[in-house]
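K.L.:
turn this into a model:
(one chain, ligands or ions: 2)
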Amino acid sequence: MDARKGNPMDTYRVKPGEKIDLDQLNPGSTGAFKGEKEEALAATQKLNAQLEELQERLYAEHKHRLLVVLQGMDTSGKDGVIRSVFEGVNPQGVRVASFKVPTPAELDHDYLWRIHAQVPGRGEIVIFNRSHYEDVLVVRVHELVPEAVWGRRFEQINHFERMLADEGVTILKFFLHIDLDEQKQRFLDRLNDPAKQWKFNPGDLKERALWKAYQKAYEDVLEKTSTPWAPWYIVPANKKWYRNWVISTVLVEALKALEIKLPPVFSEEETASYRAQLAAE
Ligand code: AMP
Ligand code: MG
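P.N.:
Ligands and ions are numbered 1, 2, ... in the order given. Now for the predicted structure:
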């Protein structure tokens, strides 16, 4: 898993059923870049230009849909990924759905109800900032429902995602892997900068105290819900620039694999006739 070289599509993808020990995976890894930040930034810029073009084609073709799921502990960089990876893309055709503590109306329904309502339509990319996985993470750690209930959700989630995939949704799931030290530093950065304090929530420290339980819950998620139709990627996320490069790479490769073609919409005669009409003005 922690191979330093190679394509992130393979290096960081979790194989179905693979046992994961997060302590054994280095969140500070910078892969083949060996700490060369500038090199990685330049490579990411190129990837983002490709992403921009691919997204435009996806939108124009109006056929495929792309769902990107972002999960990770507080400060792991979910917001940062959304900001930097999708910097260049046309906001038309890209949407972010953030999942917070469920509202009373949401709690009156099954846990996938609010999720299903946000999945991408044709030609659309939707990024989930947190997701249905909260229902086997925070819900498990805080025992919000009994184990008998959350325990069966892994299979339900796999079936749900399978259905989406069968219906033409490409699903990519990223776990942003940071360590305790990095989180402490990022909390301190938030506290030390008045412009960032709004991001700090006193409750975050309570969640931090439950770090071990969360890591265990994440390990189960990664082992049980990485499927051929909706794979998980474990992204080393201590270094933001490496995290962004990994995610951009996976997204570009996945969009390229769709082989989006934009054949002419009009016949040659039609095109000639429209040209002639414009020329006659
Ligand atoms: P943030 O992403 O920092 O804005 O925080 C959103 C909060 O909502 C996090 O503490 C999540 O754990 C929590 N949350 C999201 N989904 C659920 C859920 N299904 N049940 C309980 N809490 C949730
Ligand atoms: Mg938060």
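K.L.:
apart from its neighbours in sequence, what residue is nearest the residue in the chain that ligand 1 sits nearest to?
P.N.:
Of all residues in the chain, the one sitting closest to ligand 1 is residue 134 (3.3 Å; C-beta to the nearest ligand atom). For every residue, glycine as well, the C-beta is placed using N, CA and C. Spatial nearest neighbour of residue 134, excluding adjacent residues (C-beta to C-beta, 6 or more residues apart in numbering): residue 99 at 6.1 Å.
K.L.:
just residue 30 next, same as before
P.N.:
Closest residue to residue 30 apart from its sequence neighbours, by C-beta to C-beta, 6+ apart: residue 242 at 4.6 Å.
K.L.:
wouldn't that neighbour be in contact with residue 29 here?
P.N.:
Yes - using C-beta atoms under 8 Å, residue 242 makes contact with residue 29 at a distance of 7.1 Å.
K.L.:
need the overlap of contacts for these two.
P.N.:
residue 236 (C-beta atoms under 8 Å, 6 or more residues apart in numbering).
K.L.:
hang on, the earlier thing: and for the residue nearest to residue 134, the neighbour number?
P.N.:
Neighbourhood size, residue 99 [other C-beta atoms under 10 Å]: 17.
K.L.:
likewise for residue 160?
P.N.:
If you count neighbours by other C-beta under 10 Å, residue 160 ends up with 17.
K.L.:
ok, now which ones touch it?
P.N.:
Counting by C-beta under 8 Å, 6+ apart, residue 160 touches 112, 115, 116, 132.
K.L.:
ok, now residue 236?
P.N.:
Taking C-beta under 8 Å, 6+ apart, we find residue 236 in contact with 12, 25, 26, 27, 28, 29, 30, 31, 177, 242, 243, 246.
K.L.:
and the helix or strand where the last one lies, what's buried?
P.N.:
Put plainly, it is residue 246. Assigned by DSSP states H and E, residue 246 belongs to helix 240-257. Residues 241-252, 254-255 are the ones in helix 240-257 that count as buried (16 or more other C-beta atoms under 10 Å).
K.L.:
adding distance to ligand 1 and pLDDT, write those residues out as JSON lines.
P.N.:
Formatted as JSON lines, these follow (distance: C-beta to the nearest ligand atom, whole Å; pLDDT from 0 to 100):
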{"residue": "241", "distance to ligand 1": "22", "pLDDT": "97"}
{"residue": "242", "distance to ligand 1": "22", "pLDDT": "97"}
{"residue": "243", "distance to ligand 1": "17", "pLDDT": "97"}
{"residue": "244", "distance to ligand 1": "19", "pLDDT": "97"}
{"residue": "245", "distance to ligand 1": "23", "pLDDT": "96"}
{"residue": "246", "distance to ligand 1": "21", "pLDDT": "97"}
{"residue": "247", "distance to ligand 1": "18", "pLDDT": "97"}
{"residue": "248", "distance to ligand 1": "22", "pLDDT": "96"}
{"residue": "249", "distance to ligand 1": "25", "pLDDT": "96"}
{"residue": "250", "distance to ligand 1": "22", "pLDDT": "97"}
{"residue": "251", "distance to ligand 1": "21", "pLDDT": "97"}
{"residue": "252", "distance to ligand 1": "26", "pLDDT": "96"}
{"residue": "254", "distance to ligand 1": "24", "pLDDT": "96"}
{"residue": "255", "distance to ligand 1": "26", "pLDDT": "97"}
